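# for reference, the sequence and a predicted model appear below.
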Amino acid sequence: MKAKFLILILTILFLEDISAQYTPFFQNFSLSEYNAGNQNWGISRAENGMLYVANHNGLLEYDGIKWEFMELPNKTTIRSVLAYKDLVYTGSYEEFGYWKKNSKGKLLYKSLSDAIKSKISPNEEIWQIIPFKDGIAFRSFLNLYIYKFNGEIKKIAPKSVAISCSVVDNKLYVATLHNGVFEYKNDELSLKIMDKSLANTKVLSITKYKGKLLLITSLKGCLIYDSNTLKPVDFEINNILKQHLLNGFSLLNNGNMAFGTIKDGVYFTNSEGNVIFHINKENGLINNTVLSQHLDFDNKLWLGLDNGIASIDLDNNNLFFNDVSGKLGAVYDVIKFKGTIYIGSNTGLFYLDSNNNLQFITGSQGQVWNLKEIEGELFCGHNEGTFLVTGNTIKLISTTTGGWVVKKAPEQNNTYIQGTYTGLVRLKKQNNTWNAKHLGKTTMPIRYLVFENQNTAWAAHAYKGLYKIKFDKNYDTIISIKNYKNKGQFSDFNVRIYKIKNDICFKTNDGWLKYESIQDTIISFDLLNENFGKESYIISEEDINQLVLKTKSDAIGFKSILNSEKEISLSNNYFKNRLIVGNENISKISDSTFALNLNNGFMLINSKSNSKTELQKPIINNIEIDKSLIDFDLNKKIPIKLNSSFGISVCSPKSSNHFFEYSIVELDATKWKRLEKNKLELSSLKDGTYTILFRTNNNLGKFTEASKVQINILPPWYKDTLGFLLYITLIALSIGSFHYFNKQKLKKDQRLLKIKYAKEQQEIVREKNLENEKRIVQLKNESLRNEVKLKSKELANTALALVKKNETLQEIKKELATNKDGFVNQYAFKKILNKVDSSIGHKDEWKVFEFNFNQVHEDFFKSLKSKHQNLTPKDLKICAYVKMNLSNKEIAPLMNVSVRGLETHRYRLKKKLDLEDDISVSDYLINLE
């Protein structure tokens, strides 16, 4: 509390010497942003931070980032709105009711007036809604409707037009146009204040003021009611209100007051009614007609305008000077010199007069780069040279163009070195006159200049890097210039030089570096890279306790070097699109006040103020699948069909200057992505469970704990229960089919096996039979062979017997021939001899022999005859005897020839058989089949 009181004191002291030309921070919302009607008749902010606006076309909802628009069922204009607890009450043409979010996060309207439709007056509109005790009061010009939370609605008709309703000390006052002010008691109106001064007077609001009732009227100013007496109160604002027609009033938390007018924006007064701020179209308000206003729990004043919406941050002690005329242009430097604020811009040099009105200094037209107090005098570094500023006049002291920067020469009196478009210039005061001398040696543009020691300075070229410059002891000339282009690894572009705690520091595109004198090189400065950030650079003078940095996200941060000053940060929301990129500059106005140059103005920053960086954990507003909202429970996983698109809308209505980030844990829990607006839309995720985290962040690097949504991307049907049931069914069918077919196969195999076994058995039997048959055949053949042998033997024996017989008969014949003469009877002799000859060549014997021979040697004669058709019967006989392997000696008697004769015959036979010389008749015939 002490700190807040001290800040309040400092703020009041600071504000004593400024007029309404300065304004607190405010923000405009144009028609193109909220996309609804231009007129905004009512405005209210809910406890959860949501803002609701009664717009000409319907109801607007704002979550701090995104606007949503909703229409009444009858699409009529909404004239009033009240966000109370978890409901949003609205009043319209012959209609009033409330909006409530359903389980899908969508606001749905429920009419209350339908319950008393017959009691609604024709053509009346509900212009005001306020909470009162255990109900809500709806006011039209004709009636007052008291809705109690038990569902009862009471209609009260004032005696004349009801202008406003106000609740003071739990009492409901109703101001009428002609009959004074009434108090609502026991379901009726009783007269509270009646004075002739109230006749035909629009009392817009009644509030408590110093223990009394303060009545704020539209055209008669403010009146005090005390001890049954009504009298005007002496406020400075009264005359202004009579001129511009008051339309809204708010009593601020610190006792100050805000008056919204029809013609000239909003006026802020202190508790005594004296104007401290005025915000209108001339200093940036989007529209001058205030149709409604609302003070929220964050001490922000919201204005519903005739064309747009605005919000004013009353807790922000930083003030703005805005020149909407465009005369000022882009501001490059601001300085407070001898009680006067001087402003250097791209159009020239300006100052603020005693009324804080902007005044141009004649002859200063052109780019002003630098304003600096030196030796009690004000220097102006200008595109045309360097000027001395005295009051509202200027005097040229150097013609060297482009006075960017001026630094005091160490341990020198009245000597300064200036960086310009064409090199370095010495400024020296002699005999109360400033003299300028170009030091030569270099003509390169030098924007940044820092002294390392008495005669050594560092300079930065805009595009060619760093240089170390040595001066003579009197700073009359430059002794040497050393290029540090190759001394360390860094970019030559956008090099800035600072001296921080005796260290020569450089900010480059590669981050923070510093000069290492021992090695005479440039190295990385890790301390500043960590504390300041590689993308941040200093925009203030470096010889103050608090450095001011511009961050990568365009935020402005105060960093304490001595760690004794409180560090504050300002997000870019305050100066969005107004910074002079690359030429940002913070000027010290007083010990705790700094000026930030902006386009068309500047911002006064109170470094003692609290840095308001409130962030709230994101709220999951609604979830939609395939563009349709769904019911959801954050304690359960949300099922989503595969290949469906889904969106998750988040909000953090109580946060300020914020944005959202999200991370999908299963993909990369460490990677946070910025969410455009406040809705995450995803599709084509693989099936599975995903945890999506949302957090609120701001441009100052702060963020909240995460809100969590778990979704379950359902698997395709073939991976789901249906698929598993199908798989189980298929598996069961497969198993059954496998079992059935396996059983059938088994039966078949058994049958085939039986057949196989039967066949094998038959084959075995057949083979056995064949073997047996073969054996039988063999036995038969053997028997036949034996028989043939036997017959051959018998045949041979027969042949031998015949041979013996014939030999015997031959011998007998010989004996007979020898003893021929011994026979008396020659006839008998011849008869005996004939019988012998007949016995030797008996044909029947040959037939018997031939038959038996064919039995033994089957088809021998057929084969022999077929091959040798010229054989005679005698040849065949000889062949048969040779086949039987009989010798010539044995064959000759059988043939009844001599051995010699037989040999001759065999020789002839060989010729007939066409045998080679080396083949005998015996071999040929024996082997002939």
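That came through fine. Numbering: from 1, shown residues only.
# where exactly do the helices run in the stretch 401-550 of the chain?
Assigned by DSSP state H, counting those that start in this stretch, the helices in the stretch 401-550 of the chain fall at 526-531.
# most centrally placed residue in this protein?
residue 673 (6.6 Å; C-alpha atoms, centre = their mean).
# could you measure that residue against residue 178, distance?
With distances taken as C-beta to C-beta, to the nearest Å, residue 673 is found 62 Å from residue 178. Every C-beta, even on glycine, is put in place using the N, C-alpha and C of the backbone.
# partner residues bridging the residue lying closest to residue 636 once chain neighbours are set aside?
Using C-beta to C-beta, 6 or more residues apart in numbering and skipping residues adjacent in sequence, the residue nearest residue 636 is residue 710, 7.7 Å away. With DSSP bridges as the criterion, residue 710 is bridged to residue 691.
# list the buried ones in stretch 326-333?
Buried residues in stretch 326-333, defined by neighbour count with 16 or more other C-beta atoms under 10 Å: 328, 329, 330, 331, 332, 333.
# could you do stretch 668-681 as well?
Neighbour-count burial for stretch 668-681 [16+ other C-beta under 10 Å]: 672, 675, 678, 679, 680.
# go through these and name the one nearest residue 281.
residue 678 (30.6 Å; C-beta to C-beta).
# can you pull the contacts of that closest one?
Listed by C-beta atoms under 8 Å, 6 or more residues apart in numbering, the contact set of residue 678 reads 63, 65, 66, 621, 649, 650, 651, 660.
# could these be laid out in CSV, adding distance to residue 260 and pLDDT?
Formatted as CSV, the contacts of residue 678 follow (distance: C-beta to C-beta, whole Å; pLDDT from 0 to 100):
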residue, distance to residue 260, pLDDT
63, 24, 92
65, 26, 90
66, 26, 92
621, 31, 90
649, 33, 93
650, 33, 93
651, 28, 92
660, 33, 92
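# which of those fall within strands?
Among the contacts of residue 678, the members falling in strands (DSSP state E) are 621, 649, 650, 651, 660.
# test my guess that the residue nearest to residue 636 contacts residue 635.
No - the pair residue 710 / residue 635 is not scored as a contact, 9.1 Å apart, by C-beta atoms under 8 Å.
# tell me which of these two has more neighbours.
Neighbour count, other C-beta atoms under 10 Å: between residue 710 and residue 635, residue 710 has more, with 14 against 6.
# distance of the more buried one relative to residue 664?
Counting by C-beta to C-beta, the gap from residue 710 to residue 664 is 11 Å.
# distance of the residue nearest to residue 135 when sequence neighbours are not counted from residue 113?
Leaving aside its chain neighbours, residue 135 sits nearest to residue 148 (4.1 Å; criterion: C-beta to C-beta, 6+ apart). Separation of residue 148 from residue 113 (C-beta to C-beta): 15 Å.
# sec struct for residue 763, please.
Here residue 763 is recorded as helix under DSSP: H, G, I helix; E, B strand; the rest coil.
# ok, which stretches of this protein are helices?
2-15, 31-34, 237-244, 526-531, 665-668, 721-818, 826-840, 843-856, 860-867, 873-883, 888-895, 899-912, 921-927 (DSSP state H).
# go through the ones you listed and name the closest to residue 157.
That would be, of the helices of the chain and by C-beta to C-beta, helix 237-244, which comes in at 30.0 Å.
# what packs against that closest one?
In terms of contacts (3 or more C-beta pairs under 8 Å, 6 or more residues apart in numbering; DSSP states H and E), helix 237-244 is packed against strand 222-226, strand 257-261, strand 266-269.
# return the most buried member of those.
strand 257-261 (a mean of 25; mean count of other C-beta atoms under 10 Å).
# can you give the distance of that one from its chain's centre?
Once both centres are worked out by C-alpha atoms, centre = their mean, to the nearest Å, strand 257-261 turns out to sit 46 Å from its chain's centre.
# give the partner strands of that strand in its sheet and their orientations.
When DSSP bridges is applied, strand 257-261 pairs with strand 246-251 (antiparallel), strand 266-269 (antiparallel).
# can you lay out the ones you listed as CSV showing mean pLDDT and distance to residue 58?
Converted to CSV, the strands paired with strand 257-261 look like this (pLDDT from 0 to 100; distance: least, C-beta to C-beta, whole Å):
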stretch, mean pLDDT, distance to residue 58
strand 246-251, 96, 21
strand 266-269, 96, 25
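# can I get those strands in TSV including distance to residue 517?
Below are those laid out as TSV (distance: least, C-beta to C-beta, whole Å):
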stretch	distance to residue 517
strand 246-251	61
strand 266-269	55
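# closest to residue 123 out of those strands?
It is, among these and with distance given as C-beta to C-beta, strand 246-251, at 22.1 Å.
# what is the orientation angle of the closest one with helix 237-244?
150 degrees (axes from the mean of the first three to the mean of the last three C-alpha atoms, to 10 degrees).
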